[in-house]
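> What follows is a predicted protein model with its sequence.
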Amino acid sequence: MRKEVLTSDILVIGAGPAGLAAGYSAARSGRSVLLVDENPTPGGQIWRGEWRHPRSRRAAFWFKKIYEGRIPVLNGVRIIAEPEEGVLLGEGVDTLYELRFDKLILATGARERFLPFPGWTLPNVVGAGGLQAMVKMGLPIRGKRVVVAGTGPLLLAVAAYLRAQGACVLLVAEQTPLSRLLWLGWGLWRYPSKSVQALLLRGQLLGVPYRTNCWPIAAEGEGKLERVTLRCGSRTWVVRCDYLACGFHLVPNVELARLLGCELLHGFVRVNALQETSRPNVFCAGEPTGIGGVELALLEGQIAGYAAAGDLKRARSLFAARNRWRLFAERLHRAFTLRPELKDLPDAQTIICRCEDITLERLERFCSWREAKLQTRCGMGPCQGRICGPIVEFLFGWHVDSVRPPIFPARVVSLIPMEGEDSTYVHELGRRYAGDHHEF
Amino acid sequence: MAERVTVTINGVRVEVPAHVTVLAALIMHGIVTFRKSVRGEMRGPLCGIGVCFECRVTINGQHHSRSCQVLCQEGMDVRTE
């Protein structure tokens, strides 16, 4: 493992819309900037795989800003620890990066929320955004029968995308009631771009049933998914398909913010008007501060970038626009609230923690996340509770908060001291690592 | 004709388009289950964005590599469980 030290005035973690906007804005104000992202190319999830060939004008616009501004982006590198103040440790394929900075901007995005039901661990039961991400990166979908299910605005976008790629989308099942969607739709007049987007998506999905009040209750098949059972009101029926693309809106990636000691409020990173967290010189933008979509992420990213660079005038000029989109985010959140019936989906034998194969039955007797972890290893596998944490929060109301370095499974060589170095932090990491993590 | 690369999947040499992930290459070649869970269940990819670790395979001898986050490269050796 090679080691490289990279120093920048402003380090941005995450190269999705928020990170790109932050990086550009900070660089525009004359600071040296480094963007670090763990995906193969910049763009985050929404613009995944589009770096060479952007599919939207907006993606092309921001990619060009980064490209023309010669702002360095380090891809394929994930942050695993903060060995000392002003330094983050990033692990690449064959290089360990010591990233030194004055100011830090966290733009770590969000992931899908998954909910367990019998059969959800079968191969070909995938995330909704998950399937889209896989298809963007080359998975062949032409002619495949797909049921899209779960909740959130992402479902329509995913269904339209998959259909455009040649998939046979059989049904979109949205758990939220129609009344809530109408309420959301009514509020869209203040956001014309969103109204147009919703209409376009619906147009692209002509002939595809979109059912509200509807969700999957079981997935079955021999060795892989063959059929899904859906429920709508009191009616249940079976649909044969190749993929079930199922996701229940988004949860923020706040693990790094937690590791750095940034304060959270209701599961989101708390920031001030300048997007600065409770920890001085650490800023946060995009989904970790509240699930709001690309428009809000771009605005928050710009504000964070300008603020970190000390250009408060430019930062303040974007406050009004940001507040408008924050109201939209609040509306989204209320429209796609999870219904309590979804808590009854898993049966006693349904796996909740996929890394450690921990069933609902084994977890039900505990009263906290910590207790369940200690007794069952729930949440202690490679994903570090990123999948089952939001599940137990929803099912049991547990408070999932513990984060320890390395926040991603890291290789042992990344954690052992380099020759001739004073690396007490590495020993400390190694000690914790030995007790709490899989060996990678 | 799009650029192509040759990779080895479980000992078999196959040609795949350049710029696709190892995950996509595996599915193109008929692989549905990527790993066995701790209780022996067969598992395939879930999140597609490098979070869930369900798609992990061995790439060039490196165990537990997330196939959704690695692009295919000429001569790559990929093994599933």
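Good, I have the coordinates. The structure displayed is predicted, hence computed values, not measured ones.
> Now do the least confident helix or strand in chain B by mean pLDDT: which elements does it pack against?
The helix or strand of chain B with the lowest confidence, counting by mean pLDDT, DSSP states H and E, is strand B:62-66 at a mean of 93. Judged by 3 or more C-beta pairs under 8 Å, 6 or more residues apart in numbering or on different chains; DSSP states H and E, the packing partners of strand B:62-66 are strand B:56-59. In short, each C-beta sits where N, CA and C put it, glycine included.
> Pull the distance from the strand it packs on to the chain's centre.
Distance of strand B:56-59 from the chain centroid (C-alpha atoms, centre = their mean, to the nearest Å) equals 6 Å.
> give me the element residue A:111 is part of.
Taking DSSP states H and E as the definition, one finds residue A:111 inside strand A:110-112.
> now do residue A:162
Taking DSSP H and E as the criterion, the element that holds residue A:162 is helix A:154-164.
> what about dumping the CA coordinates of that helix to CSV?
Taking C-alpha atoms only, helix A:154-164 is exported to CSV below (Å, rounded to 0.1, in the frame of the first residue of the first chain):
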residue,chain,number,x,y,z
LEU,A,154,-37.6,8.4,-6.9
LEU,A,155,-40.0,5.6,-7.9
LEU,A,156,-41.4,7.4,-11.0
ALA,A,157,-37.9,8.5,-12.1
VAL,A,158,-36.6,5.0,-11.8
ALA,A,159,-39.6,3.5,-13.6
ALA,A,160,-39.3,6.0,-16.5
TYR,A,161,-35.5,5.4,-16.7
LEU,A,162,-35.8,1.6,-16.8
ARG,A,163,-38.6,1.8,-19.4
ALA,A,164,-36.4,4.1,-21.6
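> one step back: partner strands of the strand holding residue A:111, parallel or antiparallel?
In the sheet containing strand A:110-112, its partner strands are strand A:250-252 (antiparallel), by DSSP bridges.
> Show me what the helix or strand that the partner strand is followed by is packed up against.
Along the chain past strand A:250-252, the next helix or strand (assigned with DSSP H and E) turns out to be helix A:255-259. Using 3+ C-beta pairs under 8 Å, 6+ apart as the contact definition, the elements that helix A:255-259 packs against are strand A:78-84.
> packing partners for the strand it packs on?
If contacts are counted by 3+ C-beta pairs under 8 Å, 6+ apart, strand A:78-84 sits against strand A:87-91, helix A:255-259, helix A:424-436.
> what pairs with the least confident helix or strand of chain B, and is each one parallel or antiparallel?
Counting by DSSP bridges, the strands paired with strand B:62-66 are strand B:56-59 (antiparallel).
> Using CSV, write out every CA atom in the strand it pairs with.
The C-alpha atoms that make up strand B:56-59 are tabulated as CSV, following Å, rounded to 0.1, in the frame of the first residue of the first chain:
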residue,chain,number,x,y,z
ARG,B,56,-18.8,-8.3,-2.8
VAL,B,57,-16.5,-10.7,-4.8
THR,B,58,-12.8,-11.3,-5.1
ILE,B,59,-11.1,-9.1,-7.7
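> Show residues contacting the host helix or strand of residue A:216.
Residue A:216 belongs to strand A:214-220 when elements are defined using DSSP H and E. Residues outside strand A:214-220 that contact it (C-beta atoms under 8 Å, 6 or more residues apart in numbering or on different chains) are A:117-120, A:122, A:125, A:147, A:149-150, A:173-175, A:225-232, A:236, A:244, A:246, A:342, A:345.
> Surely residue A:399 is in contact with residue A:393?
Yes: counting by C-beta atoms under 8 Å, residue A:399 touches residue A:393, with 7.4 Å between them.
> Sketch out the strands for the stretch 51-200 of chain A, chain order is fine.
A:73-74, A:78-84, A:87-91, A:95-106, A:110-112, A:125-126, A:145-151, A:168-174 (DSSP state E, counting those that start in this stretch).
> Serialize those to TSV and add fields for mean neighbour count and mean pLDDT.
Supplementary listing: the strands of the stretch 51-200 of chain A in TSV, determined by neighbours: other C-beta atoms under 10 Å in any protein chain shown; pLDDT from 0 to 100:
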stretch	mean neighbour count	mean pLDDT
strand A:73-74	20	97
strand A:78-84	21	95
strand A:87-91	22	96
strand A:95-106	22	97
strand A:110-112	26	98
strand A:125-126	28	98
strand A:145-151	25	98
strand A:168-174	21	97
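> got the ones you listed as CSV, with distance to residue B:58 columns?
Shown next, in CSV, are those (distance: least, C-beta to C-beta, whole Å):
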stretch, distance to residue B:58
strand A:73-74, 25
strand A:78-84, 19
strand A:87-91, 18
strand A:95-106, 20
strand A:110-112, 24
strand A:125-126, 22
strand A:145-151, 29
strand A:168-174, 34
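> Relative to residue A:331, which of the ones you listed is closest?
Judged by C-beta to C-beta, the one of these that comes nearest to residue A:331 is strand A:145-151, at 14.5 Å.
> and the direction of that closest one versus that of helix A:154-164, what angle?
When axes from the mean of the first three to the mean of the last three C-alpha atoms, to 10 degrees is applied, the directions of strand A:145-151 and helix A:154-164 differ by 170 degrees.
> Pull the residues that contact strand A:145-151.
Judged by C-beta under 8 Å, 6+ apart, the contacts made with strand A:145-151 from elsewhere in the structure are A:115, A:128, A:131, A:155, A:158-159, A:162, A:167-176, A:214-216, A:228, A:230, A:239-249, A:336, A:338.
> Which helix or strand lies directly C-terminal to the least confident helix or strand of chain B?
Per DSSP H and E, the helix or strand that comes after strand B:62-66 is strand B:77-79.
> name the helices or strands packed onto that following strand?
With contacts defined as 3+ C-beta pairs under 8 Å, 6+ apart, the secondary structure elements packing on strand B:77-79 are strand B:4-9, helix B:22-28, strand B:56-59.
> for those, which one ends up most surrounded?
Between these, helix B:22-28 has the highest mean count of neighbours, a mean of 24, where neighbours are mean count of other C-beta atoms under 10 Å in any protein chain shown.
> quick one: low-confidence ranges for the chain?
Since you didn't name a chain, this refers to chain A. For chain A, applying pLDDT under 70 flags the ranges A:416-440.
> should've been chain B
The model of chain B has pLDDT under 70 over residues B:1-2.
> what residues does it put near chain A?
B:16-17, B:19-21, B:23-25, B:27-28, B:32-34, B:37-39, B:41-54, B:56, B:63-64, B:68-71 (C-beta under 8 Å from any C-beta of the partner chain).
> ok, residue A:105 - contacts?
Listed by C-beta under 8 Å, 6+ apart, the contact set of residue A:105 reads A:10-13, A:19, A:22-23, A:26, A:275, A:282-285, A:301, A:304-305, A:308.
> returning to what we had before: just the buried residues of the contacts of strand A:145-151.
For the contacts of strand A:145-151, a burial check counting by 16 or more other C-beta atoms under 10 Å in any protein chain shown picks out A:115, A:128, A:131, A:155, A:158-159, A:162, A:167, A:169-176, A:214-216, A:228, A:230, A:239, A:241-249, A:336, A:338.
> coming back round to it: inside helices: which ones of the contacts of residue A:105?
Secondary-structure check on the contacts of residue A:105 using DSSP state H: residues within helices are A:19, A:22-23, A:26, A:301, A:304-305, A:308.
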